[in-house]
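Asks: With the sequence up front, the predicted model follows.
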Amino acid sequence: AQERHLPHRRQASGNRDPAVGKLALLQDIKTNQRRYATMTKDNVLEFAGREAISDPLTALLRSGAQQLINQAVEAELQELLSQHSGCRTEDGHAGVVRNGHLPERELQTGLGPVTVKVPKVRSKSGEPVSFQSALVPPYVRKTKSLEAAIPWLYLKGISSGEMGEALKVLVGPDAKGLSASTVSRLKQQWAEEYRNWCNGALDKERWVYIWVDGIYSGLRGEQVKLCALVVIGVNAFGDKHFLAIEDGMRESTQSWREVLLKLKSRGMNVPELAIGDGAMGFWAALDEVYPETRQQRCWMHKTMNVLNCLPKASQAKAKQSLHDIWRAETKADAEKAFDLFIKMYEPKHPKAAICLQKDRDQLMAFFDFPAQHWQSIRTSNPIEPTFGAIRHRTRRSKGCLTRDGMLHMMFKLGQCAEKKWRRLPGFDYLTKVI
């Protein structure tokens with residue numbers, strides 16, 4: 001190949017000594033090799049471990065955690081040896097001594113995998129003695145806080161199939177032993193907790209107000225659309241709690257009657273006020289089970305219903321007029337604003353006037369309670385924000401949820417939301433209501 005580039009050398013070599021011609025040819029080949037040697041080089045730098053994310057701080061914390069675990073386990077071992085310090089063999093040596101370590105194993109933590117070594121002991125006196133660390137028990141592969149994160153992720157919208165990838169982001173790419181089967185086991189536990197909660201006694205608290213609503217799931221494969229009937233109550237201390245999460249056939253009177261009768265059998269007293277929208281069979285059931293309880297229609301739902309009866313051009317002004325009613329300083333001012341709205345819209349828009357007038361007493365009931373509570377008891381808002389996240393989660397899982405599974409999930413999500421609830425504003429006025 002080199003000779004093809006050297007035709008002048010081949011022609012000149014015919015008149016020379018063959019040895020001299022070969023020497024000249026070898027020199028030309030070496031020259032071309034040096035000329036083309038740079039062709040095989042490149043300036044691309046190879047980095048080792050490109051797939052791993054370098055995080056010196058996490059590595060430092062993990063190393064420190066490993067040292068602390070080893071120190072704690074060593075302290076446990078020394079305590080065990082001190083307890084058997086009086087045990088001696090016939091020749092006076094210690095009866096219980098160290099005997100190496102168990103095989104290393106990785107413990108999954110919030111910082112990622114941490115390698116632990118648990119020491120062993122041996123008894124020379126014939127009495128069986130074994131060392132088991134309370135900090136790192138046998139067969140434990142992950143911390144409790146990390147195990148608790150698995151159901152939390154599931155409830156917040158991470159499906160079982162996505163669990164592995166989510167955990168890798170949280171604890172690093174080396175996460176092992178965190179299978180989605182943990183969720184399946186915990187679902188059975190949630191079912192048991194839900195059954196116990198549904199049968200819990202309610203007679204230990206005095207329930208003053210209750211909010212009610214129906215939450216639709218949109219489950220596929222159900223001939224009848226599943227509706228979860230939800231009741232939230234506030235006790236005499238101003239603390240809000242879920243009282244019922246039951247399934248029903250839409251929001252029928254019979255379904256609500258069953259919920260209220262069950263609450264009564266669990267010991268719930270007669271509430272002073274019940275708040276909800278007007279499109280439920282709840283009110284007929286309430287008249288049967290708790291006839292002494294006063295009724296308050298949700299102003300947010302009523303406002304939307306009234307505005308739907310008006311043309312768009314009139315809705316902005318009508319909405320302001322409705323706000324003047326429930327934002328009034330006194331009940332007398334609210335009555336005047338109510339009458340003014342009827343006079344303004346009844347001639348041209350009778351449907352809007354009728355929609356508002358038919359629930360007048362139930363809409364104005366909250367004015368008879370302490371003003372500190374008005375903002376909380378004139379709408380069913382305590383339920384709406386709580387179930388916003390629940391609707392999102394059940395919407396993602398509706399293809400794989402059963403009726404019971406949806407109720408169990410709503411129960412667990414409700415418990416999570418309950419921890420963030422604040423006391424009822426003006427809770428110290430609840431004694432006056434009672």
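Replies: Structure received. Numbering: from 1, shown residues only.
Asks: distance between the ends of stretch 117-130?
Replies: Start-to-end span of stretch 117-130 (C-alpha to C-alpha, to the nearest Å) is 15 Å.
Asks: Quick check: buried residues in it?
Replies: In terms of neighbour count (16 or more other C-beta atoms under 10 Å), stretch 117-130 has its buried residues at K117, V118, P119, V121, S123, K124, V129. For the C-beta atoms, the positions are set from N, CA and C on the backbone; glycine is no exception.
Asks: now stretch 333-347
Replies: A334, A337, F338, F341, M344, Y345.
Asks: go on, stretch 70-90?
Replies: N70, V73, E76, L77, L80, L81, H84.
Asks: OK, contacts around the closest residue in space to the fourth one that isn't next to it in sequence?
Replies: Pointing back at L77 there. Counting by C-beta to C-beta, 6 or more residues apart in numbering, P119 is the residue found nearest to L77 once chain neighbours are left out, at 5.2 Å. Listed by C-beta atoms under 8 Å, 6 or more residues apart in numbering, the contact set of P119 reads V73, E74, L77, R98, N99, G100, H101, L102, F131.
Asks: at 7 Å instead, please
Replies: Applying C-beta atoms under 7 Å, 6 or more residues apart in numbering, we find P119 in contact with L77, R98, H101, F131.
Asks: Buried ones among these?
Replies: Buried, going by 16+ other C-beta under 10 Å: L77, F131, out of those.
Asks: Mind checking which of the contacts of P119 land in helices?
Replies: Among the contacts of P119, DSSP state H puts L77 in helices.
Asks: I'd like to know which of the contacts of P119 are part of strands.
Replies: Counting by DSSP state E, those place R98, H101 in strands.
Asks: Now pLDDT and distance to Q189 too, for the contacts of P119, in JSON lines please.
Replies: Output for those, formatted as JSON lines (pLDDT from 0 to 100; distance: C-beta to C-beta, whole Å):
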{"residue": "L77", "pLDDT": "85", "distance to Q189": "34"}
{"residue": "R98", "pLDDT": "87", "distance to Q189": "40"}
{"residue": "H101", "pLDDT": "86", "distance to Q189": "35"}
{"residue": "F131", "pLDDT": "83", "distance to Q189": "32"}
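Asks: Quick check: L273 touching I377?
Replies: Yes. Assessed by C-beta atoms under 7 Å, L273 is found in contact with I377 at 6.1 Å.
Asks: Neighbour count for those two, which is higher?
Replies: I377 (24 against 20; other C-beta atoms under 10 Å).
Asks: who's in contact with the spatially closest residue to that one that is not a sequence neighbour?
Replies: Spatial nearest neighbour of I377, chain neighbours left out: F366 (4.9 Å); criterion: C-beta to C-beta, 6+ apart. Going by C-beta under 7 Å, 6+ apart, F366 touches Q296, W374, I377, R378.
Asks: Give me the helices and strands touching whichever strand or helix holds V73, please.
Replies: For V73, the host element (DSSP states H and E) is helix 56-83. Under the contact criterion of 3 or more C-beta pairs under 7 Å, 6 or more residues apart in numbering; DSSP states H and E, helix 56-83 touches strand 112-116.
Asks: Measure how the strand it packs on sits relative to helix 56-83, angle-wise.
Replies: Orientation note: strand 112-116 sits at an angle of 30 degrees relative to helix 56-83 (axes from the mean of the first three to the mean of the last three C-alpha atoms, to 10 degrees).
Asks: Run a quick neighbour tally on the closest residue to G426 other than its chain neighbours.
Replies: With sequence-adjacent residues excluded and distances taken as C-beta to C-beta, 6+ apart, G426 is closest to Q372, at 2.5 Å. Using other C-beta under 10 Å, Q372 has 15 other residues around it.
Asks: just A316 next, same as before
Replies: 10.
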